[in-house]
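K.L.:
Everything below, folded, please.
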Amino acid sequence: MKLTVLGGGGVRIPAFIRGVITHRATAFGEISLFEPDAFRRETIGRLAVELASSLGHPGAVTLTADAEEAFAGADFVFSAIRVGGDRGRVIDEEVALRRGVVGQETTGPGGCAMALRTIPVILGYCEILARCAPGAVLINFTNPAGLITQAISLHSSVRAVGVCDTPSGTLERLAEFLGAGRGQAGYSYGGLNHLGWITSFATGGQERIGTLLDRYEELQRFDHRFAPFDAASVRRLGAIPTEYVYYFSEPRQYVDAVARAGASRGADVLRLNSELLAGIAKAFADGDVHDAWAAYSMVLGVRHDTYMRTDTEGENRQDQARARRASDGPERLSDTRPGGYEGVALQVIDGLTGRAPGRVIVNTRNGASLPFLDPDDAVEVPSLIDSGGVAPLAACDLPRWARGLITQVKEYEREVVGAAVNGDAERAALALALHPLVPGVSVAREMMSEYRERHGPHLAYLR
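P.N.:
Below is the predicted model of the structure:
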């Protein structure tokens with residue numbers, strides 16, 4: 001099989017390649033990284049290629065700036081592009097935050113601007129993919145993942161499934177909190193990407209959602225992803241939210257936290273990624289792949305450890321994270337198991353190839369899974385994945401408040417896709433106004449005008 005990575009110069013790709021090479025190397029005859037940016041090919045791309053060699057698979061990973069070459073003969077394509085780069089994310093967040101509106105990269109105005117930049121580009125790649133490898137499956141991690149997956153599903157012939165590690169990461173931490181082993185818990189989950197709830201959680205055949213709700217304050221101390229929520233509100237709702245629900249439940253807290261921090265998470269990530277790229281370049285100039293991996297894993301670790309800290313606590317905690325990582329020493333090239341989104345992606349591939357059919361939470365066509373949404377809507381639900389494809393399972397009975405919020409956000413998503421496909425600037429502004437975090441049409445038009453001006457050629461297609 002051939003695996004192609006669209007966005008092969010993304011900062012998380014070397015970790016993804018390490019997971020694939022360590023645990024599925026024999027499954028792929030070729031792994032092709034497509035990256036149009038020369039500097040990223042020479043740093044991130046080179047690191048991925050040399051990692052494969054160091055792990056005993058020289059030549060397994062190749063680099064190219066030619067999309068047709070990358071796609072030719074592909075069985076699976078993993079998409080992780082960021083149109084406009086890290087600076088684009090900073091703009092997305094700044095425009096909203098200056099108006100006191102949530103500026104998170106995938107949620108609200110930031111997610112809208114990111115989607116509008118991305119949809120025409122990803123659909124262009126899908127046209128090439130459909131021509132070069134019509135049977136390939138595209139596994140989408142490009143954010144906002146659900147919205148992008150919906151655009152691909154509705155407006156291309158490519159088979160696509162969206163992946164995100166937020167639900168699986170939340171479920172794993174709940175299992176650890178209750179002392180259950182990995183994969184031993186049963187659960188019910190439903191929603192949209194970055195807007196989902198766990199309504200049932202069982203271990204040893206016994207329902208434990210009531211225990212989790214009763215002990216929610218302990219759970220908040222156990223893992224910071226649960227900390228920003230009001231415990232009484234969570235208990236009243238009767239479901240455990242995944243971390244991105246925070247931006248809907250506590251928008252003012254988020255805006256105030258970023259103001260205290262003095263910079264958005266996007267600004268933090270821009271600095272960290274610039275440091276990461278420079279560190280890899282210097283390590284290769286002065287040393288070898290082990291030095292480059294040490295530089296890479298240190299900064300990526302800091303980025304991981306500070307995830308959502310700015311947004312929820314008003315400080316990025318980078319100094320503490322650096323000290324902790326320095327104390328632990330450089331991370332080794334070998335790893336015990338794939339985690340994060342690479343783990344979810346490999347689960348999808350294993351299911352579709354028949355190697356290990358199973359139940360995975362993915363973004364896919366709704367069908368009848370969430371009956372209050374349209375059948376063609378992209379939803380995030382547990383799905384049975386096997387050689388026959390992706391079959392969404394009946395989702396949980398979500399609380400009424402969650403259903404209402406999902407319905408409103410999905411209408412916004414439908415309109416964003418329509419605006420992007422038709423190049424309609426006014427429709428894009430009105431779509432943004434539908435989002436529950438945006439205070440009206442006038443503000444939406446203001447923000448859309450500023451996004452078009454500051455993103456320049458990336459949004460020039462909107463008329």
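K.L.:
so residue 182 sits right up against residue 172, yeah?
P.N.:
Yes. In this structure, residue 182 is within contact of residue 172 by Cβ atoms under 8 Å, at 6.7 Å. Quick note: C-beta positions are derived from backbone N, CA and C, even for glycine.
K.L.:
So between those two, which is more surrounded?
P.N.:
Using other Cβ atoms under 10 Å as the criterion, residue 182 and residue 172 rank with residue 172 on top: 18 against 10.
K.L.:
per-residue confidence averaged over stretch 325-341?
P.N.:
The average pLDDT within stretch 325-341 is 71.
K.L.:
for this protein, what are the low-confidence residue spans?
P.N.:
Low-confidence segments of the chain (pLDDT under 70): 25, 334-339.
K.L.:
How much space separates residue 448 from residue 150?
P.N.:
As judged by Cβ to Cβ, to the nearest Å, residue 448 and residue 150 stand 20 Å apart.
K.L.:
For these two, indicate the residue with more neighbours.
P.N.:
residue 150 (30 against 26).
K.L.:
Please tell me I have it right and the more buried one contacts residue 378.
P.N.:
Yes. Distance between residue 150 and residue 378: 3.7 Å, which falls inside the contact criterion (Cβ under 8 Å).
K.L.:
Overlap of the contact sets of those two?
P.N.:
Shared contacts of residue 150 and residue 378, defined by Cβ atoms under 8 Å, 6 or more residues apart in numbering, comprise residue 413.
K.L.:
Residue 129: neighbour count?
P.N.:
30.
K.L.:
what's the closest non-adjacent residue to it?
P.N.:
Counting by Cβ to Cβ, 6 or more residues apart in numbering, the nearest residue to residue 129 once its immediate chain neighbours are dropped is residue 71, at 4.9 Å.
K.L.:
Spell out, range by range, the helices that occur in the stretch 201-350 of the chain.
P.N.:
For the stretch 201-350 of the chain, applying DSSP state H, counting those that start in this stretch gives helices covering 209-214, 216-222, 231-237, 246-249, 251-261, 265-286, 289-305, 309-313, 318-328, 340-352.
K.L.:
who's in contact with the second one?
P.N.:
This means helix 216-222. The contact list for helix 216-222, computed with Cβ under 8 Å, 6+ apart, reads 173-174, 177, 212, 226-227, 229, 231, 234-235.
K.L.:
before we move on, what about the shortest one?
P.N.:
The set of residues that contact helix 246-249 without belonging to it, under Cβ under 8 Å, 6+ apart, is 102, 104, 107-108, 195, 228-230, 233, 241, 254, 308, 311-312, 405, 436-437.
K.L.:
can you rerun that using 6 Å?
P.N.:
Contact partners of helix 246-249, identified using Cβ atoms under 6 Å, 6 or more residues apart in numbering, comprise 102, 104, 107, 228, 254.
K.L.:
The first one and residue 108 touch, don't they?
P.N.:
Translated: residue 102. Yes. If you go by Cβ atoms under 6 Å, residue 102 and residue 108 touch, sitting 4.5 Å apart.
K.L.:
Need the residues touching each of the two.
P.N.:
In contact with both residue 102 and residue 108: residue 437, using Cβ under 6 Å, 6+ apart.
K.L.:
Got the phi and psi for residue 363?
P.N.:
Residue 363 adopts backbone torsions of phi -100, psi 120, taken as degrees, to the nearest 10.
K.L.:
check contacts around the nearest residue to it once chain neighbours are set aside.
P.N.:
Counting by Cβ to Cβ, 6+ apart, the nearest residue to residue 363 once its immediate chain neighbours are dropped is residue 162, at 2.9 Å. Taking Cβ under 6 Å, 6+ apart, we find residue 162 in contact with 140, 145-146, 149, 363.
K.L.:
any idea how far residue 417 is from residue 162?
P.N.:
To residue 417, residue 162 is 14 Å away according to Cβ to Cβ.
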